[in-house]
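Participant: Give me the fold of what follows.
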Amino acid sequence: MLMNKIFMIPDFIDQEKQRKADILVVSQISLLLLVIAMVIYSAFTTPEHTETYYMGGVGVLAIICSFLLLRNGKLEAACWMIVIPGWLVFTVDLAAVAGIRGVSVLGQILIVIFAGLALNGKTALMITFLTLTANFVILRLEQVDILANPLPLPASDTRWFIQTAYLLMAAIYIWTADRVLKKALSNSRETADRYRALFERTNDGVVIYNLEWDVISANTQALDLLGYTEHEFTGLNSFEWEDPENPSVMRRNREHILQGETIPIFEDTLVRKGGSRVPVELSMALVHDAKGNPRHVQCIIRDITERKGYEQQLEQQALYDPLTNLPNRTLFEDRYQKAHSENDPSLVAVLFVDLDNFKWVNDEYGHAVGDQVLRELGTRLQKSLRESDTVARLGGDEFVIILENIQNKEDVSRIARKLLKTISNSMHIDDTHIQITASIGIHIAEKRNLPYVDLLKSSDYAMYQVKDSGKNDFRFYESVDQS
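Facilitator: Numbering: from 1, shown residues only. Purely as a prediction, here's the structure:
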């Protein structure tokens, strides 16, 4: 408002407080002008009613104090500074001077109206109750002659002027309240329109839940992402499309949200209506009403399928051999480190596999055929082992295998013989029969001892021992081999 800027009244962020401040400013200015006018008019027309001066003085002082409080941002105190002195002045005038027929009754009504607009409805009801009680007592005091010879203003121009002033003040209250409320309603509609446009036009899905996690509403993007119609989706509980394989993530975040905690953006998997799964990024927030009570939960859903695919592609390039799709050296070393378990005496073995005379395959049939041989052998090695085992290609014709949770040396020997047989089986590539063999070096250690040994280096050493002994065989590493 212009008057707020002129009188340097602070702006309030809360719209309800700003509405009350606007009403208070108009009331202060209007009251000050009317009080001054009534005192001056009464001084000329009814000078014998000196109580008008006292009432006017108290009114002006209350208005000034209220203005100073409002300048300091103390809105509620500023409103009470009008209500309490005003009500006391009017009520005391009725009780001590004018009696129940005094025009101050209209002033009491103005105080009730002002309290309802600038404070709240409960305050207005409380002041109404006090006013009715006080006026009833004043009436009884007159009837039993305790309040003898009341002196209400006579039917004169002064009485007419004061009544007119009170009615004018009531009209100003109503006009101000109507203007402020219309402005607040217009602002609210503009905010709702902006929110609705954001709700509908954003690229992300938006779902609004009640506090029981039932859907209140959802935008088109959320419906399309999850495959529901608006009719089907509204009223469904969030459990209907959450990932049944990993419910702990959403359950934990739901609890934190309802406790009023702020949670960071997190990733999860949702289940579409047809049963397919979609990776998403979720942002959830608890929304409160004007009184600060939890109202609903807002959830923003972003489809990250494309991003996940790109991440998987980068991971594939960084951690997997492009020719065989087997883990590369980087991933092998990571899994080797993870195999270490402090105080775990169970056994782990590393098998270093090197193909025999593979250079002859490349020279005889070309590198394209050699690449097909490597791919075929990678597939064979994977199929010959457990899912928990790791088969990696270090480069060229070298493969390395991690066997975890093995019982003894005999188990590893059995696996090595199986691998040699699998590798030596003839393969058919471009109408060509190719048979190849391999040399395997092995080293076994307890998981707890992995930091103190280099199984890759020692198994590589054992593999070369096999090469020197005629190839197409396996050998366990023994420390005496290096002596």
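Participant: Every contact and neighbour count from this point should use C-alpha atoms.
Facilitator: Will do.
Participant: what's Glu478 in contact with, if anything?
Facilitator: Ala462 (Cα atoms under 8 Å, 6 or more residues apart in numbering).
Participant: Let me know the distance separating it from Ile436.
Facilitator: 27 Å (Cα to Cα, to the nearest Å).
Participant: Work out for me the element Glu267 sits within.
Facilitator: Glu267 belongs to strand 266-271 when elements are defined using DSSP states H and E.
Participant: next one: Leu211
Facilitator: Here Leu211 is assigned to no helix or strand, by DSSP H and E.
Participant: Then Asn343?
Facilitator: Using DSSP H and E, no helix or strand contains Asn343.
Participant: How many residues are close by it?
Facilitator: 10 (other Cα atoms under 10 Å).
Participant: ditto for Leu147
Facilitator: By the measure other Cα under 10 Å, the count of residues near Leu147 is 17.
Participant: what's Gln372 in contact with, if anything?
Facilitator: Counting by Cα under 8 Å, 6+ apart, Gln372 touches Ile429.
Participant: related to what we said a few turns ago, what lines up beside the helix or strand following the strand holding Glu267 in the sheet?
Facilitator: Using DSSP H and E, the helix or strand that follows strand 266-271 in sequence is strand 277-288. With DSSP bridges as the test, strand 277-288 is paired with strand 266-271 (antiparallel), strand 294-303 (antiparallel).
Participant: Save those strands as JSON lines, and put in mean neighbour count, mean pLDDT and distance to Ile109 too.
Facilitator: Converted to JSON lines, the strands paired with strand 277-288 look like this (neighbours: other Cα atoms under 10 Å; pLDDT from 0 to 100; distance: least, Cα to Cα, whole Å):
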{"stretch": "strand 266-271", "mean neighbour count": "19", "mean pLDDT": "90", "distance to Ile109": "57"}
{"stretch": "strand 294-303", "mean neighbour count": "19", "mean pLDDT": "90", "distance to Ile109": "36"}
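Participant: which one of those lies closest to Leu450?
Facilitator: Minimum separation from Leu450 across these (Cα to Cα) falls at strand 266-271, 34.8 Å.
Participant: Run through who's touching that closest one.
Facilitator: Taking Cα under 8 Å, 6+ apart as the rule, strand 266-271 contacts 226, 241-243, 249-250, 277-283.
Participant: again, only using 10 Å
Facilitator: Strand 266-271 is contacted from outside by 225-227, 238-247, 249-250, 253, 276-284, 301-304, using Cα atoms under 10 Å, 6 or more residues apart in numbering.
Participant: out of those, which are buried?
Facilitator: 225-227, 238, 241-243, 250, 253, 277-284, 301-304 (16 or more other Cα atoms under 10 Å).
Participant: which sections of the stretch 101-250 of the chain are below the confidence cut-off?
Facilitator: The model of the stretch 101-250 of the chain has pLDDT under 70 over residues 148-156, 184, 188, 190-199.
Participant: so where do the strands sit in it?
Facilitator: Counting by DSSP state E, counting those that start in this stretch, residue ranges of the strands within the stretch 101-250 of the chain are 205-209, 215-218.
Participant: Now do the first one against strand 294-303, angle only.
Facilitator: The reference is to strand 205-209. 160 degrees (axes from the mean of the first three to the mean of the last three Cα atoms, to 10 degrees).
Participant: so what strands line up beside strand 205-209?
Facilitator: strand 215-218 (antiparallel), strand 294-303 (antiparallel).
Participant: export the ones you listed to a markdown table and tack on distance to Val103?
Facilitator: Output for the strands paired with strand 205-209, formatted as a markdown table (distance: least, Cα to Cα, whole Å):
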| stretch | distance to Val103 |
| --- | --- |
| strand 215-218 | 54 |
| strand 294-303 | 47 |
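Participant: quick one, which of those strands is nearest to Phe136?
Facilitator: With distances scored as Cα to Cα, the stretch of those nearest to Phe136 is strand 294-303 (43.7 Å).
Participant: Please save the CA atoms from that closest one in CSV.
Facilitator: What follows is strand 294-303, C-alpha atoms only, in CSV (Å, rounded to 0.1, in the frame of the first residue of the first chain):
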residue,chain,number,x,y,z
PRO,A,294,0.9,-31.0,8.1
ARG,A,295,-1.4,-31.0,5.1
HIS,A,296,0.0,-33.2,2.4
VAL,A,297,3.2,-34.6,0.9
GLN,A,298,4.5,-33.4,-2.5
CYS,A,299,6.6,-35.8,-4.5
ILE,A,300,8.5,-34.9,-7.7
ILE,A,301,9.4,-37.8,-9.9
ARG,A,302,12.1,-37.7,-12.6
ASP,A,303,12.6,-40.5,-15.0
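Participant: in the helix or strand just after that strand, what's buried?
Facilitator: Downstream of strand 294-303, the first helix or strand assigned by DSSP H and E is helix 305-319. Neighbour-count burial for helix 305-319, counted by 16+ other Cα under 10 Å, picks out Gln316, Leu319.
Participant: What mean pLDDT does the very next helix or strand once past helix 305-319 get?
Facilitator: Going down the chain from helix 305-319, the next helix or strand is helix 329-339, by DSSP H and E. Helix 329-339 carries an average pLDDT of 91.
Participant: show me what contacts Thr128?
Facilitator: Gln108, Ile109, Ile111, Val112, Ile113, Ala115, Lys122, Ala134.
Participant: wait, which of these is closest to Trp80?
Facilitator: For these, the residue nearest Trp80 by Cα to Cα is Ala115; the value is 8.2 Å.
Participant: and the nearest residue to that closest one once chain neighbours are set aside, what does it touch?
Facilitator: Among residues not flanking Ala115 along the chain, Ala124 sits closest, at 5.1 Å (Cα to Cα, 6 or more residues apart in numbering). Contacts for Ala124 (Cα under 10 Å, 6+ apart) come out as Val83, Ile109, Ile111, Val112, Ile113, Phe114, Ala115, Gly116, Leu117, Ala118, Leu130.
Participant: ChimeraX command to pick out the buried ones of these?
Facilitator: Here is the ChimeraX command that selects the buried residues among those (16+ other Cα under 10 Å):
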select :83,109,111,112,113,114,115,116,117,118
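Participant: Dump the contacts of Ala124 into a markdown table; add distance to Thr220 as well.
Facilitator: Output for the contacts of Ala124, formatted as a markdown table (distance: Cα to Cα, whole Å):
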| residue | distance to Thr220 |
| --- | --- |
| Val83 | 51 |
| Ile109 | 52 |
| Ile111 | 51 |
| Val112 | 49 |
| Ile113 | 46 |
| Phe114 | 46 |
| Ala115 | 46 |
| Gly116 | 43 |
| Leu117 | 41 |
| Ala118 | 42 |
| Leu130 | 55 |
